[in-house]
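Student: pasted the sequence and its predicted model underneath.
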Amino acid sequence: MYFPYVRGRQFELIALRELLEKGLLHPAVVPIVEPVKLSSTLTGTMAKFIEAGKALAVIHNPKVGSFGLETEKTSHLKDVYEAHLQRDIIVKAHIAGSRSEDELAELGDPGADRSAMLTIVTDRDCLPLYERLFGAGGGRYNLISADRTIRRTITSNKVLFEDKFNKLEKNADYKDKDELFSDDHLFYSEEGYVGFSDFSIAGSDYSEWGFAPYAVAIHIVYFDPELNLRVIHFVSDSNDDIQDPAGKFYEAVGKLVQWSRENPVRTYGLNELIAHHRNETYPGLGTVKKLAIMHHLELMGRYLGGGTVR
């Protein structure tokens with residue numbers, strides 16, 4: 001199984017919702033959302049997954065963004081979110097840490113069945129508290145880092161969790177790069193894991209603020225002949241200032257189109273990017289990122305379902 005971990009920004013949530021609505025989210029792909037803001041986009045996405053009967057994991061104790069502060073206030077949106085979180089198809093997820101006991105208590109009862117939760121354990125210092133709270137079996141799924149102590153301690157229902165995206169300082173630094181993204185999908189099962197997880201092409205870095213980039217970069221994953229997952233970066237050329245983002249996009253997507261002529265596998269996200277080039281339209285950088293994430297998740301679903309990926 002594949003557990004893509006996304007921060008609950010608007011375009012990441014829309015990516016999940018559109019994949020679901022188009023029937024492109026394979027059953028073996030279970031997204032994990034770490035909310036960063038209490039928004040109608042978040043509650044609306046949860047509602048769509050509930051309606052479709054498709055599992056979605058939502059972290060109830062996120063560590064980034066303003067979500068925690070917003071849920072301290074009484075509001076209709078908070079009530080909707082909490083009602084959605086109690087539905088069985090929404091997998092409650094928990095980031096293990098020093099405050100785990102208090103945070104789990106906030107879930108109340110019903111809805112606090114720890115054996116049905118998805119846990120995320122990346123800090124070895126929290127292992128004694130984690131074992132006391134979750135017992136030897138842990139949760140339904142347990143995302144763990146490659147830390148040796150954590151791997152020795154948590155042995156049931158474990159999911160290999162790593163950031164596979166090679167984050168560089170500037171978009172221009174990705175120019176002409178084609179690099180390994182991951183081979184976890186090839187080996188996770190024989191290494192005793194029930195699944196694998198990553199941050200897709202967004203990476204684990206989080207910032208509250210966006211900025212106008214000097215360069216536009218489009219990150220596209222693909223399978224090589226040995227079925228390793230690679231990522232190729234298409235970067236604009238006119239990168240001396242922040243002017244004309246539409247022109248920069250057209251430079252980058254033109255390189256993607258040229259590459260795609262020798263790489264025939266198509267996904268919805270990739271087709272949409274190619275269509276923007278053909279129609280000479282600029283969708284905005286948020287949509288570009290959304291389409292690249294959609295491409296990744298659809299492609300992984302095909303792989304896990306035994307479909308064509310090359």
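Tutor: It's in.
Student: the nearest residue to Tyr141 once chain neighbours are set aside and Ala93: what is the separation?
Tutor: The spatially closest residue to Tyr141, leaving aside those adjacent along the chain, is Leu118, at 4.5 Å (Cβ to Cβ, 6 or more residues apart in numbering). In this view, the C-beta of every residue, glycine as well, is placed from N, C-alpha and C. Applying Cβ to Cβ, to the nearest Å, the value for Leu118 to Ala93 is 4 Å.
Student: okay, and the common contacts of those two?
Tutor: The contact sets of Leu118 and Ala93 overlap at 32, 57 (Cβ atoms under 8 Å, 6 or more residues apart in numbering).
Student: related to what we said a few turns ago, count of residues packed around the residue nearest to Tyr141?
Tutor: Around Leu118 there are 24 other residues, counting by other Cβ atoms under 10 Å.
Student: wait, doesn't it sit right on Ala96?
Tutor: No - contact criterion Cβ atoms under 8 Å: Leu118 and Ala96 do not qualify, at 11.1 Å.
Student: residues contacting the residue nearest to Val194 when sequence neighbours are not counted?
Tutor: In this structure, Val194 finds its nearest non-sequential neighbour in Asn157, 5.6 Å apart by Cβ to Cβ, 6+ apart. The contact partners of Asn157, taken as Cβ under 8 Å, 6+ apart, are 137-142, 194.
Student: that older thread, for the residue nearest to Tyr141, grab phi and psi.
Tutor: phi -100, psi 130 (degrees, to the nearest 10).
Student: same thing with Ile90?
Tutor: Main-chain dihedrals, Ile90, degrees, to the nearest 10: phi -90, psi 110.
Student: what residues are bridge-paired with it?
Tutor: Leu56 (DSSP bridges).
Student: shouldn't it be in contact with Lys54?
Tutor: No - judged on Cβ under 8 Å, Ile90 makes no contact with Lys54 at a distance of 10.1 Å.
Student: between those two, point out the one with more neighbours.
Tutor: Neighbour comparison, Ile90 and Lys54: the larger count goes to Ile90, with 20 against 17 (by other Cβ under 10 Å).
Student: give me the pLDDT for that one.
Tutor: Note on Ile90: pLDDT of 97.
Student: kindly report the same for the one 5 residues further on.
Tutor: The predicted local confidence for Ile95 comes out at a pLDDT of 97.
Student: give the bridge partners for it, please.
Tutor: Ile120.
Student: pull the number of nearby residues for it.
Tutor: 20.
Student: do Val221 as well
Tutor: Using other Cβ under 10 Å, Val221 has 22 other residues around it.
Student: where are the low-confidence patches of the stretch 101-250 of the chain?
Tutor: 109-112, 210 (pLDDT under 70).
Student: list phi and psi for the residue of the chain positioned farthest from its centre.
Tutor: Largest separation from the mean C-alpha position in the chain: Asp240, at 31.2 Å (Cα atoms, centre = their mean). Main-chain torsions, Asp240, degrees, to the nearest 10: phi -90, psi -20.
Student: can you get me a residue count around the spatially closest residue to it that is not a sequence neighbour?
Tutor: Leaving aside its chain neighbours, Asp240 sits nearest to Tyr214 (7.1 Å; criterion: Cβ to Cβ, 6+ apart). Burial of Tyr214 is recorded as 17 neighbouring residues (other Cβ under 10 Å).
Student: where exactly do the helices run in this structure?
Tutor: Taking DSSP state H, the helices of the chain run over residues 10-21, 40-52, 67-70, 76-85, 100-105, 127-134, 148-153, 184-187, 245-260, 268-279, 285-304.
Student: and the last one, how far out from the chain's middle?
Tutor: Same thing as helix 285-304. Its chain's average C-alpha position is 10 Å from that of helix 285-304, according to Cα atoms, centre = their mean, to the nearest Å.
Student: repeat for the third one
Tutor: Computed by Cα atoms, centre = their mean, the chain-centroid distance of helix 67-70 equals 21 Å.
Student: got the buried residues for that helix?
Tutor: 67-68, 70 (16 or more other Cβ atoms under 10 Å).
Student: and which of those residues is nearest His84?
Tutor: Of all the buried residues of helix 67-70, His84 sits closest to Phe67, with 14.0 Å by Cβ to Cβ.
Student: can you pull the contacts of the closest one?
Tutor: 8, 35-38.
Student: make it 7 Å
Tutor: By Cβ atoms under 7 Å, 6 or more residues apart in numbering, the contact list for Phe67 reads 35-38.
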